[in-house]
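**Student:** Generate a structure from the sequence data that follows.
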Amino acid sequence: MSRVVSFRGLMADGQIDKLSLATNNGLTGYRITKFQMIPEKPGGSDHKFVIQIFKTDPVTASSTVNFSDNRLLGAGEVEDNPASHYPASSAGIVFDNEKFNQDIYITCKDISDGESCNYYIELEQMKLALDEQTVATLKDIRNIGSQ
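**Tutor:** Numbers count the residues shown, from 1 in each chain. So this is what the prediction gives:
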């Protein structure tokens, strides 16, 4: 039986949050099951946020999304335009088949006015077999070298 672990936070424009997940033996794995975002002040001003989740530290937050980046675990966009009289809309995509056993990083970039955005992430926690642990750890080592 797996367990659900959740994280939430408020991120300023350009901020990077580290979610500490690593264990000593690496036999605990995770998979993203839910990823949601909402502006700090919905309807307050024109917002266009890009929030991304990475396996390794991306060093800087960017509004460019590249699905070919093997470090990317998920990406989302939040758009809020009070002049249009529509509520804030968000769309998130996660690669839910990706298992990882190390810390992950969340970035936030507001491409309009530098406001803050909230995120909520649920992770499925699971025991990894020794071969799965080896694969997950080797992927992370290779990803660190590709930066």
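
**Student:** Which residue ranges of this protein form helices?
**Tutor:** Ranges of helices in the chain, per DSSP state H, are 130-145.

**Student:** Would you map the strands across it?
**Tutor:** For the chain, the strands defined by DSSP state E cover 3-11, 16-19, 28-39, 47-54, 72-80, 89-94, 104-110, 117-127.

**Student:** rank those strands by mean pLDDT and give me the bottom one.
**Tutor:** Lowest mean pLDDT within these: strand 89-94, at a mean of 79.

**Student:** Enumerate every residue touching the residue positioned nearest the centre of the chain.
**Tutor:** Nearest to the geometric centre of the chain sits Ile53, at 2.5 Å (C-alpha atoms, centre = their mean). Neighbouring residues of Ile53 by C-beta atoms under 8 Å, 6 or more residues apart in numbering: Ile32, Phe35, Leu72, Leu73, Gly74, Ala75, Val94, Ile104, Tyr105, Ile106, Ile121. From N, CA and C alone the C-beta is placed, and that goes for glycine too.
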